[in-house]
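Colleague: Provided below are the primary sequence and the corresponding predicted coordinates.
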Amino acid sequence: MTTALRFDGLGKRYRRRWALRDCTLDLPTGAIVGLVGNNGAGKTTLLHLAIGLLRPTAGAVWVFGEPLRMDRPAGLAEVGFMAQDHLLYRGFTVADMLHYGRSLNPRFDTASATARLTALDIPLDRRVNRLSGGQQAQVALSLALAKRPRLLVLDEPVASLDPLARREFMRSLIDAVAGSDLTVLLSSHVVAELERVCDHLVLLHEGRVVLAGDIDDLLANHRLLSGPRCDDAVDGVVEATHGERHSTLLVRQHVDVPTHPRWQARPVGLEEVVLAYLGGGA
């Protein structure tokens, strides 16, 4: 599997504080990658480094085998970006935004963006400030896709949306990516939604990568053990909860590892794994 995005020893420091450190990752082409972590974990910093908005303090970013440089626009032309606040001119109409996008991007596909917005019943003659939050998110996504990028980076795109609008946005994102080799890097606090749309996960904690890989593989290598209280060391414990007579352990072990007869084992969901790493101090 080819690599779309590579972080090689990547780090970013603001004065004396490292927002991101020792980040080495390979993200596969054609994958939808979910990026999670608590507030201040370094998610936005990582995304901004990936698209050239920030210059790294250490390490390098590689996009489709080429080093990403802020002074080489050709590489950035293959990257699309959607920010959390959608970055739309509120006084523009939707048609104005399409015209603006076309003027900045030589490969801008106005026809596909227009068709997509029309299918979503978003009027092209309506001003951005008259659109709902969900409609604004769809306009921003349409602009990013119309750039015809090979890599699409989305920073908390559904953070301000209600549950129904979030579901519609994620559904339209899947439809847009289906059948293409577009690679998507998507940050979100809503882990359940990432589990539905993503096939790869990166977990940040205090500026470092603590978990990364194919979601199916990660879930297969974690399980929940419960049984009589156990104060002895157990290999691979991520998070432990002890009662007076009972212990529950989330462990990183393959399902083929035998379980003690006194313990019960069950599979875990992605949200349980993420919360265990964050709650257990990663």
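Modeller: Thanks, I have the structure now.
Colleague: contacts and neighbour counts: CA atoms only from here.
Modeller: Fine.
Colleague: From what I see, G269 and L218 are in contact.
Modeller: No - here G269 lies out of contact with L218, judged by CA atoms under 8 Å, at a distance of 9.9 Å.
Colleague: The two: which is more packed in?
Modeller: L218 (21 against 17; other CA atoms under 10 Å).
Colleague: Outside of whichever strand or helix holds that one itself, list whatever touches it.
Modeller: Here L218, judged by DSSP states H and E, is contained in helix 215-220. Defining contact as CA atoms under 8 Å, 6 or more residues apart in numbering, one finds that helix 215-220 is touched by E195, C198, D199, H200, L201, H254, V255, P267, V268, G269, L270, V273.
Colleague: in what helix or strand does the closest residue to R21 other than its chain neighbours lie?
Modeller: Spatially, and ignoring its direct neighbours in sequence, R21 is nearest to G11 (4.2 Å; CA to CA, 6 or more residues apart in numbering). In this assignment (DSSP H and E), G11 forms part of strand 3-14.
Colleague: Give me the mean pLDDT for that strand.
Modeller: Across strand 3-14, the average pLDDT comes to 94.
Colleague: Same check on stretch 59-69?
Modeller: 89.
Colleague: buried ones in that stretch?
Modeller: Judged by neighbour count (16 or more other CA atoms under 10 Å), stretch 59-69 contains these buried residues: G59, A60, V61, W62, V63, F64, L68, R69.
Colleague: and if you look at stretch 69-88?
Modeller: Neighbour-count burial for stretch 69-88 [16+ other CA under 10 Å]: 69, 75-86, 88.
Colleague: Following the chain onward from the strand holding G11, which element is next?
Modeller: strand 17-28.
Colleague: That following strand pairs with which strands, parallel or anti?
Modeller: strand 3-14 (antiparallel) (DSSP bridges).
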